[in-house]
Each structure stands twice: as C-alpha cells, then as structure tokens.
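A.B. asks: got a predicted model here, sequence first, then my questions.
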Amino acid sequence: MSTFLLEIVTPERLIFSEQVNSLVVRGVEGELGILPGHVPFVTPLQIAPVSIKADGKELKIAVAGGFVEVRKEKVVILAESAELASEIDVIRAKAALERAETRLTSSGSRDQYDHRRAEIALQKAMNRLKVSGNL
C-alpha cells in the first residue's frame with residue numbers, strides 16, 4: 001500500500017514524523033481526507049482531532065489550529081499546539097472545560113474578546129477530551 005510522510009510540528013517540538021497511509025483533518029471548509037498522491041494545497045485548520053491511519057492502526061492527535069500543507073510525497077501540519085492521546089492530561093483538560101463553560105455562562109460585563117477566548121478554550125478542552133476518549 002502507498003504511503004506518504006506526515007510531519008506534525010508545533011513551535012515547541014516535532015510531535016509526529018512517520019510514513020502513513022491516510023490522514024483526515026478538519027480545515028476551514030470542512031473535513032479533508034488525504035491519501036498518497038493528493039493534489040498539493042495549503043489550508044488553515046480548525047481546532048479538531050487529526051485521524052491518521054498507518055499499518056492498519058488508527059491514531060488520533062488533538063490539534064489546536066494551524067495549517068496543513070500537502071506536497072507531492074509529504075504532508076506537514078504546522079499546529080499552534082498538538083498532543084497525542086497518550087500525552088493528554090485528562091484532569092487538566094476537564095478543569096479547562098469547566099473553567100471555559102463557567103466563563104461563557106457567567107453573567108457580567110464581558111467584552112467580545114473575553115467571550116471569544118472562552119469559546120476557543122472550550123473548543124480546545126473538548127478536542128483534547130475527545131482525542132483522549134473521555135468525552
């Protein structure tokens with residue numbers, strides 16, 4: 001079966017670098033399935049799990065925004081942050097989810113910037129819990 005090199009990079013480190021059979025990411029226009037030989041493109045990513053299939057196994061990685069660049073024989077995800085399911089601190093993610101929900105539901109004078117930050121924090125926490133299998 002054909003493969004391509006997938007690299008997932010954050011500002012801190014290289015998260016993943018292996019040959020894979022397929023990849024599913026969520027871009028701004030919706031979900032994108034990438035197979036070997038895919039046409040080259042670049043698109044922004046949403047906060048969502050990335051699904052990777054390699055050697056008959058499926059792996060999920062929590063990606064919080066960034067870009068995906070598809071080249072002829074290589075795909076690079078430049079992510080603001082990314083975590084393997086095994087690296088996710090579930091207790092911390094649940095606490096972040098609760099804080100974000102509280103900020104979104106609390107009454108008081110909040111500006112749009114604070115509200116948007118709370119929405120993003122909620123999306124990131126839900127993404128991490130989904131990938132870890134706790135949501």
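C.D. replies: Received it, and whenever you're ready, just let me know what you need.
A.B. asks: residues of whichever helix in the chain runs longest that come out buried?
C.D. replies: The longest helix of the chain (DSSP state H) is helix 112-132. Under the neighbour-count criterion of 16 or more other Cβ atoms under 10 Å, helix 112-132 has 118, 121-132 buried. All C-beta atoms are positioned from the backbone trio N, CA, C, and that covers glycine.
A.B. asks: contact partners for the residue lying closest to Glu29 once chain neighbours are set aside?
C.D. replies: Distances taken as Cβ to Cβ, 6 or more residues apart in numbering put Thr43 closest to Glu29, at 7.2 Å, once the chain neighbours are dropped. Thr43 sits next to Gly27, Val28, Glu29, Leu32, Phe67, Val68 when contact means Cβ atoms under 8 Å, 6 or more residues apart in numbering.
A.B. asks: repeat for Leu59
C.D. replies: Leu59 touches Ser51, Ile52, Lys53, Leu84, Ala85, counting by Cβ under 8 Å, 6+ apart.
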